[in-house]
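Chemist: task: produce atomic coordinates for the following.
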Amino acid sequence: MTNGSVANRGLRGLLLLGAATACMTGSVSAQQNNSGELVLEEIVVTGSRIARSNLNSTVPLNVVSETEIRFSGYTNLADVVSAAPQLAPSLNGQSSGGFLFVGGQSRVDLRGLGTNRTLVLVDGKRHVTGALDSPAVDLNTIPSSMVERTEVITGGASAVYGSEAVAGVVNIILKKDFEGAEFDASYGISEEGDGQENQFSGTFGGKFAEGKGYVLVGVEYTKVDPVFASDRSWAEPGITFNTLVTPNVSIPAPKSRTGRGGVFRTLVANPGAGPIAANALAGVSIDFESRSVQGLTDVNCLAARNAVTAATPLCNDPTLDFTSIYTTLQGESERLLGRAYGSYQMSDFVKVTAEIAAASVDSSNPRAQPAFTGTATFRHNVRRDNAYLNGTGANAVELRRIFDANGLTAPTASAELFRFTEEFGQRVIEQQRDMIRTVVGLEGDFEFADRNVKWDTYYQYGQLDGKSLNRGQFNKERYTRSLDAVINPATGAPICRDLLSTDAGVRAAAAGCVPNDFLNGPSQAAIDYAAATSVTVGQASQEVAAFNVTSDLFELPAGAVGFAVGAEYRKEVSDQETDSATAQGLLFTNAIPRRRGEYNVKEYYGEVLVPVLKDMFLIKELNLDGAYRWADYSTVGGVSQWKVGADFSPIDDIRFRGTYSESVRAPNIIELYAPTGENFTTAQQDPCDRSRIGTLTGEARSIRQANCARDIPGYNPDTFNSNIGTGRSSLRLLQGGFDGLREEVAETYTVGGVFQPTFLEGFAATVDYYDIKIKDAIALPALSGVFQACYDTAGGSSLCDLIVRDQTGTRTSVVGGVDFVRTTQANIAAYKNRGIDFSVAYGFDVANLAPDLGDDGRIDLTLQGTHLLQYDYVSQAGQAPRKFAGTSGTPSWKLSGTATYSNETFTVSWNTRFEDNMVADESLLPIADGQPLPRDPFYTGDFWIHDIRFLYNVTQEVVLRAGVQNVTNERPPNHPSVYTGTGNGTSANWDNRGRYFYTGVNVKF
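Modeler: Predicted coordinates for the structure are as follows:
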């Protein structure tokens, strides 16, 4: 075996491992000279537009190779990239299904600062958004089979690439020189027999016109099957916190507040004849299937008559349901991707390039919870004269008895009905997205003043068309009419009350109404009358035109001064519209009005690389670089950003590097132009509730009590039960954008070093400190901060205007209950994120250590990690920072390691990921000074997950692969804040599937 082949295998091994070494030294690019030796060439690496040796990057760079992407067993690119410790959990197959408009997406989030602060590029160019509600790029629209490598830099890069690069850049480099044909297929399945993933791809490339022309085409198909919580013993029923005690303790998750048939939770089953025993506890449930009326038997699910009807965290009545029976741990998706690229060398100085990519993605959350009554915006009361309540069946007789025993004897007397509307089916969000992206450009080089000048220009257009069908909905007005049935005096049959109205307008509006038998189950005609599907359609587009020039200015003793200059124009447009019923808030789904907006930006940048000193005593090399970008936005006006950096090598073995930058992020279309729409939360507590004010003493209690009395008629701190809080109705939020937003500003610096000892070939280590501060960050005012400022500030606060209370109790059933909170986007938040990144890589040939073994294999070892020192988020001025470091999803320590053995025919690799013990919830802070913690500090425990991977080269053209992900079948930590299925942001941080097996084959011709 020649030295050249050994070196080639060594280089391949480093790339295979996800390039921890590249994290230290930059992207590896090498070619053989005539002697067969590997020679490093100058290339453009992410973070700079100036070609330089890959050993001279001033910023930490993490590279994932094509082989690693395929070897990993993942069918989406984001999961491979996100294995890097610098990335936080984001949207993926295990977290996106529970959100509107983003099912089946995969995004990346550097440092946990948000996907809108991580810029995703393709070949150094911007990419159209993957959703209608965010500018973030969906990596599932990029075919992984055509990716040559990915490069990730952390820290501000806005001076080089523009807005959104506050946390860093993920640059996806696609294939442009592949020749031949390649076919790839893979299949995976969990140990439980679900969550199957199938992926097939084909790529074809070749030259024509005597090598002047080149064309490449490829197609990729992926199908992902769902995983349900009901099929995992750890996920159902789950756990929660008992908020009835302070500090809270962890307990099994309660039953839902609503039964499948229905629940009258304001009724008390008084003594008397009937199926329900004398002295039964309050509350009555209805079961369509068994045709029975039963009394609730768990006191924790009940409340006294006329009090707030809310199940507590202890509720476990057998007639009620766990909402986790509807939870999807992994959504269902199907995608078809295609790409074509071509180039033609028109002359020695000009080459024309063209590219077109298309993606079609369908996804659904196939087992979502049905719609229900008893929400903040939809409540239904059954009157005593209801036709079905006055039927002759045993259940009707029993319900009448209970109504009468509770004093509800008048025809207009009523009790509130809480129920899942399963007759309309489960709420399933089906999403369809079609994306197309085209790029045409010219590039070339020429000699000027003895300098080689490289240039390129391009125009690109990207468009996303999306459609979302939210099934299982009902029209609230029709459903209310249908449930409010009375006996028709003319026929003796049930009829909708409004059809008997003396008001012709009311009768006209009720035309076609079919009465709903809530007691025995509605007819299909009644279901069809009220059923609805919410439809959202939209389109987003992106136009970019750019021109770039790079060259050398002049020679210094240490080398040529390099520069890059360029200009870019970009236009972003987004338009999203719902059906008229949804826009008006007539359906069960949130009211979502039309949102349309656009902006454009003109940008100009310059970058310079100055080699200061070279080959001197204790100064092997010293380089400085800098960049400046000025942008003129149609929204925020002119903004500037800049960067300075340096790298210094005193000797061959050691190199120090550092950067300092000021980056900006301009507000996006959603933040600027989103109209006021509905949202809901169950997390907010009412400070005026007796359970909350009861924890205070002294002046703190006096201030809050006075503020509550100001807003709530007849307020009594000892008896007031709010309509919101744990186990109660969701709080309605009215949220929207603000077209007066300013840009965010971030200050970032990194400093670190690279150690590559000449005496230990194949070894490299790095360490880098980073510090990111963001001010004027765009955010909605934090609800906790709004309520705290309003009720815990002497004399109140202007923020009280955002909280609207129900002064009469007609909308919330509680006099003084919280009707809604209105908020808009504002430049009010701040971030502080700092830590240490490090990596170690060592690779060696077995023969060098044990020549007598005759083993021609190679061993490669890598370890990379990050230590998060601080992650503070201030929601608005005057608020205490929320400290996320060491909490669920943002561990203090995060590591990734790999050990690989490879020879000419076989490769086996062990991969592990580690996250240290985390506090389960960041809210483990005192409510006020001197007050006890609201929760015990539950921890996740250290989390390890291991994968094993195998490659076998059957021939040079045929390669088999197989592997096991999560070999030890680790499950998510057993804590409430960690998992609630695909609707929870931190669920992306864990493996919901369990032990997973995959296999694949790659064939090249």
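
Chemist: so, low pLDDT: which residues of the stretch 351-500 of the chain?
Modeler: Scanning the stretch 351-500 of the chain for pLDDT under 70 picks out 375-377.

Chemist: going along the chain, name the strands of it.
Modeler: Using DSSP state E, counting those that start in this stretch, the strands of the stretch 351-500 of the chain run over 351-364, 380-383, 414-418, 428-448, 451-474, 485-487, 494-496.

Chemist: make CSV out of the ones you listed and add mean neighbour count and distance to residue 939.
Modeler: Quick note: C-beta positions are derived from backbone N, CA and C, even for glycine. Formatted as CSV, the strands of the stretch 351-500 of the chain follow (neighbours: other C-beta atoms under 10 Å; distance: least, C-beta to C-beta, whole Å):
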stretch, mean neighbour count, distance to residue 939
strand 351-364, 19, 34
strand 380-383, 19, 43
strand 414-418, 20, 36
strand 428-448, 18, 34
strand 451-474, 19, 37
strand 485-487, 21, 53
strand 494-496, 22, 55
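
Chemist: distance to residue 672 for the ones you listed - can I get that in CSV?
Modeler: Formatted as CSV, the strands of the stretch 351-500 of the chain follow (distance: least, C-beta to C-beta, whole Å):
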stretch, distance to residue 672
strand 351-364, 26
strand 380-383, 38
strand 414-418, 39
strand 428-448, 22
strand 451-474, 18
strand 485-487, 47
strand 494-496, 44
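
Chemist: for residue 791, find the nearest of the ones you listed.
Modeler: For the strands of the stretch 351-500 of the chain, the distance to residue 791 is smallest for strand 414-418, at 27.9 Å, taking C-beta to C-beta.

Chemist: in its sheet, which strands sit next to the longest strand belonging to the chain, and in what direction?
Modeler: With residue count as the measure and DSSP state E as the assignment, the chain has strand 531-556 as its longest strand. Each strand paired with strand 531-556, and its direction, by DSSP bridges: strand 451-474 (antiparallel), strand 559-578 (antiparallel).

Chemist: so the longest one versus strand 428-448, what angle?
Modeler: Taking axes from the mean of the first three to the mean of the last three C-alpha atoms, to 10 degrees, strand 451-474 and strand 428-448 form an angle of 170 degrees between their directions.

Chemist: and for the last one?
Modeler: Between strand 559-578 and strand 428-448, the angle comes out at 150 degrees (the same axes, to 10 degrees).

Chemist: report the buried residues of strand 559-578.
Modeler: 559, 561-564, 566, 568, 570, 572-578 (16 or more other C-beta atoms under 10 Å).

Chemist: helices of the stretch 201-350 of the chain, start to end?
Modeler: Applying DSSP state H, counting those that start in this stretch to the stretch 201-350 of the chain gives no helices.

Chemist: which residue packs closest to residue 566, ignoring adjacent ones?
Modeler: Nearest residue to residue 566, sequence neighbours excluded (C-beta to C-beta, 6 or more residues apart in numbering): residue 548, at 3.8 Å.

Chemist: give me the distance between the one you found and residue 656.
Modeler: 29 Å (C-beta to C-beta, to the nearest Å).

Chemist: more neighbours: which of these two?
Modeler: Using other C-beta atoms under 10 Å, the more surrounded residue of residue 548 and residue 656 is residue 548, with 19 against 15.

Chemist: could you measure from the more buried one over to residue 442?
Modeler: Residue 548 is 11 Å from residue 442, by C-beta to C-beta.

Chemist: find the residues that touch each one of those two.
Modeler: Common contacts of residue 548 and residue 442 (C-beta atoms under 8 Å, 6 or more residues apart in numbering): 456, 457.

Chemist: helices of the stretch 751-900 of the chain, start to end?
Modeler: So, for the stretch 751-900 of the chain - with DSSP H, counting those that start in this stretch - the helices run 783-791, 846-849.

Chemist: right, so of these, which gets closest to residue 318?
Modeler: Here helix 783-791 is closest among the helices of the stretch 751-900 of the chain (C-beta to C-beta), at 34.6 Å.

Chemist: who are the packing partners of the closest one?
Modeler: Counting contacts by 3 or more C-beta pairs under 8 Å, 6 or more residues apart in numbering; DSSP states H and E, helix 783-791 packs against helix 698-711, strand 803-806, strand 817-824.

Chemist: so residue 688 sits in a helix?
Modeler: No: according to DSSP: H, G, I helix; E, B strand; the rest coil, residue 688 belongs to no helix; its state is coil.

Chemist: next, the contact list for the closest residue in space to it that isn't next to it in sequence, please.
Modeler: Spatially, and ignoring its direct neighbours in sequence, residue 688 is nearest to residue 708 (3.8 Å; C-beta to C-beta, 6+ apart). Residue 708 makes contact with 687, 688, 693, 715, 717, 720, 791, according to C-beta under 8 Å, 6+ apart.

Chemist: having no further points to raise, I will conclude here.
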